[in-house]
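*Asks:* the amino acid sequence is not available; the structure is as follows:
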């Protein structure tokens, strides 16, 4: 697989780089971004944090707005940010042009329904193809963490819970915690996965956590003044499921914070330290 | 004057807020952003840093991308970010639609030429009207610092050098250091100020520094791999003028860095500490 480098920008002594490649999983060209901390040039093998963004985002939002480079540079943590859906010529979007389905809204599932099934396989892209590409092309240790925001928080939880042993650390910001039972999730799952709700269960963190074989500690931050809290995010459902399963979940409700990157930036340092502690970077 | 609050977002324990108001100076409605650190709710009188952005920006770029809130929250520094030009119905832009003149490109001068003179008075807006508004509506100490990037770095230098006593601290990122003698500046000055070049001298930091009555120490960071360094920015001209005038300028050339917000984010902490030290925030 060939990586085409699109840009290199120095940041906190390391490098923010963007790449394009042909994705066999998604049947389209994809762009992703990496942050390589200064330790990458010092011969070190680095742990990698995969960051999954929310609805409407690309690889750029987190890199530009989260303020994560400073801490990743300190901790020797590489960050990889994929796009949030397949894109490009021939990739179907939402026929209504809505922002909560289709382009920018892949929901990190493998679609079974037409016309989505040929392209919308973001789960396999994030869990398999992208890490294989990263591990073949960058100086990595093989340790992987995963985190994300909103739709990407859902994605991080589901990717880790479905694939025991694949990740060594896990966290989320304002995840869609019970997508089977909220409007965003119902819209996306009914189209990508079909109307049969029982098949949605394997893509819902609050269901998966009940049967988790591996108990990777989860840190979740949630803004208490997030406009989507009650209708779309429902962290209380995840918390109840974790309690029932004796699963280690630390859910922090942050008073006054909303759903934006100002919220993420305010708490990203805690998350990166949570990951570095498990992944073997500097604490 | 009435301030219309557009949004409030919690960030690092403080608040990012946006406001709209009618500007008498610019004859249009203007939007600006403030970052209020947590100390604003604790009854403290805060110093204010005015941040002037570069070409194409609005009040949002710096607030979203610079990573400044974390440090401002620590230092107890309020930040105010105006827009980069007048905007709205009846405000003329560049007839060619170019991004380096007109809307998003006010160059922080007071235009003397038509059709610009009625609206393009960003110097007076930034130096007089906006601080009066801030000082009437927020818990401020009266101490003011000013900084900015590229066109806004030029703006910060010129606003401070033209108005001795008005600011107590000054810095810039990759400023257009000698706008009289670079394509961006020549295009803007010839239209806003007219073709008579002698009248441009009072808007050029490298000229003004030679006659500065007040010697406010200046911190300038410049990326060594900035694509605009040689053609548009020319910090060596500012440095030569400062040396000749025995003016205290600390110019740091940062290897590998470009013109982007990744560069600004990497060094904003040094700048905010430079300002807080002079303005009386916590060090």
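*Replies:* Looks like it arrived, so ask away. Quick caveat, the model's predicted, so the values are computed rather than measured.

*Asks:* residue A:145 versus the residue nearest to residue A:259 when sequence neighbours are not counted, what's the distance?
*Replies:* Excluding the flanking residues, the one nearest residue A:259 by Cβ to Cβ, 6 or more residues apart in numbering or on different chains is residue A:226, at 4.5 Å. C-beta coordinates here come from the backbone N, C-alpha and C atoms, glycine included. From residue A:226 across to residue A:145, the span is 24 Å (Cβ to Cβ, to the nearest Å).

*Asks:* ok, now residue A:243?
*Replies:* 24 Å.

*Asks:* the lengthiest helix in chain A and chain B, any residue contact?
*Replies:* When chain A is scanned for its longest helix (criterion: DSSP state H), the result is helix A:261-279. Yes - Helix A:261-279 is in contact with chain B by Cβ under 8 Å from any Cβ of the partner chain, via A:261-263, A:265-266.

*Asks:* can you pull the residues of the stretch 151-283 of chain A lying near chain B?
*Replies:* Taking Cβ under 8 Å from any Cβ as the contact definition, the stretch 151-283 of chain A meets chain B at A:223, A:225, A:256-258, A:260-263, A:265-266.

*Asks:* in a markdown table, list these along with neighbour count.
*Replies:* A markdown table is the format used below for these (neighbours: other Cβ atoms under 10 Å in any protein chain shown):
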| residue | neighbour count |
| --- | --- |
| A:223 | 27 |
| A:225 | 15 |
| A:256 | 16 |
| A:257 | 24 |
| A:258 | 21 |
| A:260 | 20 |
| A:261 | 24 |
| A:262 | 23 |
| A:263 | 24 |
| A:265 | 20 |
| A:266 | 26 |
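
*Asks:* surely residue A:119 and residue A:25 touch.
*Replies:* No - if you go by Cβ atoms under 8 Å, residue A:119 and residue A:25 don't touch, sitting 9.1 Å apart.

*Asks:* which of the two has more neighbours?
*Replies:* A count of neighbours by other Cβ atoms under 10 Å in any protein chain shown puts residue A:119 above the other of residue A:119 and residue A:25, at 22 against 19.

*Asks:* any idea how far the closest residue to that one other than its chain neighbours lies from chain B?
*Replies:* Distance criterion Cβ to Cβ, 6+ apart; nearest residue to residue A:119, sequence neighbours excluded, is residue A:86 at 4.2 Å. Between residue A:86 and chain B the computed distance is 27 Å (Cβ to the nearest Cβ, to the nearest Å).

*Asks:* kindly report the same for residue A:52.
*Replies:* Applying Cβ to the nearest Cβ, the value for residue A:52 to chain B is 20 Å.

*Asks:* pLDDT score for the residue minimising distance to the centre of chain A?
*Replies:* Centroid check for chain A by Cα atoms, centre = their mean gives residue A:52 as the closest residue, at 2.3 Å. What the model reports for residue A:52 is a pLDDT of 98.

*Asks:* same thing with residue A:1?
*Replies:* Predicted confidence (pLDDT) for residue A:1: 65.

*Asks:* same check on residue A:281?
*Replies:* For residue A:281, the pLDDT comes out at 56.

*Asks:* also residue A:95?
*Replies:* 81.

*Asks:* for residue A:182, give its distance to residue B:229.
*Replies:* Relative to residue B:229, residue A:182 is positioned 50 Å away (criterion: Cβ to Cβ).

*Asks:* same thing with residue A:95?
*Replies:* The spacing between residue A:95 and residue B:229, counted by Cβ to Cβ, is 48 Å.

*Asks:* between those two, who's got more neighbours?
*Replies:* Between residue A:95 and residue B:229, residue B:229 has the larger neighbour count (other Cβ under 10 Å), namely 18 against 9.

*Asks:* please name the nearest non-neighbouring residue to that one.
*Replies:* Excluding the flanking residues, the one nearest residue B:229 by Cβ to Cβ, 6+ apart is residue B:222, at 6.8 Å.

*Asks:* tell me the bridge partners for the one you found.
*Replies:* With DSSP bridges as the criterion, residue B:222 is bridged to residue B:253.

*Asks:* does residue A:20 belong to a helix, a strand or coil?
*Replies:* Of the three states, residue A:20 takes strand according to DSSP: H, G, I helix; E, B strand; the rest coil.

*Asks:* who's in contact with the closest residue in space to residue A:43 that isn't next to it in sequence?
*Replies:* Of all residues not flanking residue A:43 in the chain, residue A:139 sits nearest, at 7.5 Å (Cβ to Cβ, 6+ apart). Applying Cβ atoms under 8 Å, 6 or more residues apart in numbering or on different chains to residue A:139 gives the contacts A:40, A:43-46.

*Asks:* quick check: the farthest pair among those residues?
*Replies:* Maximum pairwise distance in the contacts of residue A:139, criterion Cβ to Cβ, is 10.5 Å, between A:43 and A:46.

*Asks:* which one's more surrounded, these two?
*Replies:* For residue A:43 and residue A:46, the more surrounded residue by other Cβ under 10 Å is residue A:46, and the numbers stand at 25 against 7.

*Asks:* and the pLDDT for the residue nearest to the more buried one when sequence neighbours are not counted?
*Replies:* Nearest residue to residue A:46, sequence neighbours excluded (Cβ to Cβ, 6+ apart): residue A:78, at 4.5 Å. In this prediction, residue A:78 carries a pLDDT score of 98.

*Asks:* got the phi and psi for whichever residue of the stretch 101-250 of chain A sits closest to chain B?
*Replies:* When scored by Cβ to the nearest Cβ, the stretch 101-250 of chain A has residue A:225 as its residue closest to chain B, at 7.3 Å. Dihedral pair for residue A:225: phi -110, psi 20, per degrees, to the nearest 10.

*Asks:* next, the contact list for it, please.
*Replies:* A:255-258, B:10 are the contacts of residue A:225 under Cβ under 8 Å, 6+ apart.

*Asks:* quick one: the strand or helix carrying residue A:81 to chain centroid distance?
*Replies:* Per DSSP states H and E, residue A:81 falls inside strand A:78-82. Computed by Cα atoms, centre = their mean, to the nearest Å, the separation of strand A:78-82 from the middle of its chain amounts to 9 Å.

*Asks:* note down every partner strand of that strand and its orientation.
*Replies:* strand A:28-36 (antiparallel), strand A:46-52 (parallel).

*Asks:* sorry, back to before: how many neighbouring residues does the residue nearest to residue A:259 have?
*Replies:* Neighbour count of residue A:226, defined by other Cβ under 10 Å: 21.

*Asks:* wait, it sits on residue A:254?
*Replies:* No - the pair residue A:226 and residue A:254 fails to qualify as a contact (Cβ under 8 Å) at a distance of 9.1 Å.

*Asks:* hey, what's in contact with both of those two?
*Replies:* Joint contacts of residue A:226 and residue A:254 (Cβ under 8 Å, 6+ apart) are residue A:263.

*Asks:* secondary structure class for residue A:165?
*Replies:* Under the three-state scheme (three-state DSSP), residue A:165 adopts coil.

*Asks:* how near is the closest residue to it other than its chain neighbours to residue A:162?
*Replies:* Computed as Cβ to Cβ, 6+ apart, the closest residue to residue A:165 that is not its neighbour in sequence is residue A:214, at 6.6 Å. Applying Cβ to Cβ, the value for residue A:214 to residue A:162 is 11 Å.
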